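S.K.: Let me see the structure of the following:
(2 chains)
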Amino acid sequence: MASIFAGAPPNGAPGYSFAQTPTAAPSGIREHSFYPYTDNGGSTLGISGADFSILAGDTRSTSGYSINTRYAPKLFKIGGEGPESKGARIVLSVVGFAADGEALKERLDTIVKMYKYQHGKPMSVAACAQRLSHILYGKRFFPYYVTAILGGLDEEGKGALYSYDPVGSYEREQCRAAGAAASLIMPFLDNQVNFKNQYIPGSGEGHALQQRVPEPLPRKDVEELVKDAFTSAVERHIEVGDGLQMMIITKDGIEEIYEELKKD
Amino acid sequence: MNHLPQAWGRPRDDVYGAYSNSFLQTSGPTTHTQSPIVTGTSVIAVKFKDGVVIAADNLASYGSLARFTDVKRLRKFNTRAVVGFGGDVSDMQYLDRLLSSLDIRENYAEESPDAQLHAKNLHTYLSKVMYKRRSDFNPLWNHLLVAGLDGENKPFLASADLLGTTFSSPTLATGFGAHLAQPILRRTVPDEATVASVTKEQAVELVKESMKVLFYRDARSMDKYSIAVITKEGVELKENEKLENQSWAFAEGIRGYGTQVN
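M.R.: Numbering: from 1, shown residues only, chains lettered A, B, ... in the order given. You can find the predicted model right below:
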């Protein structure tokens, strides 16, 4: 059968006069035109307080200049009971390539649920955070193209927030912005949460000026910061908008808030 | 003059140069779909208070050639789910077979419609197939819309594409329709809350109007289309609809579009 397609005449038969018939496939590397990633835009942010953590994300999903939908959550409850994750105490936010985000969430959620079945106690945020890092690094050479932020309460009841890069480097932080408008939101957070470039008035001249010492902010202030960060990001970034979803993790559980953002 | 039969019907060397057989190789690297070949254009769908309307034209294009003019791109899965396919037609036919085997596996012994897979189940299944194939670097080059009713018999509409990206919205459109039809659809159904106030007649009219706009401006479209309405009463699928009330009056005002050339 192969001889029909190979171009060369059957063995033993007289050859036709196309003397230059190529007998081998063109050499050189063939390039794949399929690129398995896309960017679905949007932004997320997390801030931890003394006894709570807040995660937030806009609900717009984009591809290029088009809006796929105005409501695609980037925040997921992890663990708890059943598909709605009732009673969960950990929240994962993912921004970047939404399909990878969904796959990552599904894996982490299954692991945290299995942990409770196997050990009879819920997984701690620190353990979950390290596990997430390992999941991401496990795909080091075909990464989940997402920036993840994980939030919850640590074993002392303090707000815990972990941020990641796509291949699993992670760190516990006070606050982090990720996604399309990260570069717009993060400096604002540096200034308002960690009091960067804020000095105590009259404490000295030049280098003698004293930095204002950061301290955990009250919940109400943090919620206002989150809303301000997003309304500002919406003004300046086209991939951010439509809706703001917030999840606040306290000792009483997870509170969910949805607010409208500009849809233009 | 070459009289040998092996050379009959082949381009002449002295005119066209050596014949390249490279594309006929039987050995070599395994290749995956790198780009779609025979393609279907937009699929559009809208939710209304009792269900979903979905439509796609019956054309399968080969590049800019209108190759097959009777290809049904809406597939009824069961009484509460319909899938609309945009993109590569052979991959659509593969998915069609896959859904047939899924249907036999899941519903062979099952009589009651409540225990059958609903549109939400079907969408989850298809999106996992799509994501698995993209992760294997062997994508199914389609953009799917899954329309129907979910487990609580509420209207369900969601999409899945060749990368495994999924999203849901009260109105959806694939391909060219995402640019042309989606804004028209959103004008009537801007958010989930307004779905409850849209009737079946309004939704059907809206979809037909959008198909007309697509036919006017999408060069890879056709005036023959399929339309399905999914409600609790089942699937009402019409596969040989013709676009009605076309008005080409606007063409007169555009140079080169109407009969007047100058």
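
S.K.: Contact partners for B:F156?
M.R.: B:V52, B:H118, B:A119, B:K120, B:H123, B:V146, B:A147, B:G148, B:L149, B:D150, B:S168 (C-beta atoms under 8 Å, 6 or more residues apart in numbering or on different chains). Every residue, glycine included, has its C-beta placed from N, CA and C.

S.K.: Would you tell me what the next helix or strand after the host helix or strand of it is?
M.R.: Here B:F156 sits within strand B:155-161, counting by DSSP states H and E. Per DSSP H and E, strand B:155-161 leads on to strand B:166-168 as the next helix or strand towards the C-terminus.

S.K.: close to chain A, is that following strand?
M.R.: Yes - Strand B:166-168 is in contact with chain A by C-beta under 8 Å from any C-beta of the partner chain, via B:T166, B:F167, B:S168.

S.K.: Show me what the longest helix seen in chain A is packed up against.
M.R.: Secondary structure of chain A per DSSP state H: the longest helix is helix A:98-119. Judged by 3 or more C-beta pairs under 8 Å, 6 or more residues apart in numbering or on different chains; DSSP states H and E, helix A:98-119 is in contact with strand A:75-78, strand A:90-96, helix A:125-138, strand A:146-153, helix B:119-135, strand B:166-168.

S.K.: quick one on the thing from earlier: make CSV out of the contacts of B:F156 and add pLDDT, distance to A:E255 and neighbour count.
M.R.: Formatted as CSV, the contacts of B:F156 follow (pLDDT from 0 to 100; distance: C-beta to C-beta, whole Å; neighbours: other C-beta atoms under 10 Å in any protein chain shown):
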residue, pLDDT, distance to A:E255, neighbour count
B:V52, 98, 33, 30
B:H118, 94, 31, 23
B:A119, 97, 31, 26
B:K120, 97, 27, 20
B:H123, 98, 29, 25
B:V146, 98, 32, 29
B:A147, 98, 34, 32
B:G148, 98, 33, 31
B:L149, 97, 31, 21
B:D150, 96, 26, 17
B:S168, 98, 24, 19
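
S.K.: what ranges do the helices span in the chain?
M.R.: In the absence of a named chain, chain A is used. A:2-6, A:98-119, A:125-138, A:182-192, A:219-236.

S.K.: meant chain B, my bad for not saying
M.R.: Going by DSSP H, chain B shows helices at B:13-16, B:89-107, B:119-135, B:176-188, B:200-217, B:249-252.

S.K.: Now distance to A:F34 too, for these, in CSV please.
M.R.: Shown next, in CSV, are the helices of chain B (distance: least, C-beta to C-beta, whole Å):
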stretch, distance to A:F34
helix B:13-16, 32
helix B:89-107, 13
helix B:119-135, 8
helix B:176-188, 20
helix B:200-217, 27
helix B:249-252, 39
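
S.K.: can you list the residues of the stretch 151-262 of chain B near chain A?
M.R.: Those residues of the stretch 151-262 of chain B that sit near chain A, judged by C-beta under 8 Å from any C-beta, are B:159, B:163-169, B:172, B:178-179, B:182, B:191-192.

S.K.: do that again at 6 Å, thanks
M.R.: B:L163, B:G164, B:T165, B:F167, B:S169, B:A178 (C-beta under 6 Å from any C-beta of the partner chain).

S.K.: Number of residues surrounding the fourth one?
M.R.: If I follow you right, that is B:F167. Look at B:F167: counted by other C-beta atoms under 10 Å in any protein chain shown, it has 19 neighbours.

S.K.: now A:S93
M.R.: 29.

S.K.: could you check the distance from it over to A:S133?
M.R.: A:S93 sits 15 Å away from A:S133, going by C-beta to C-beta, to the nearest Å.
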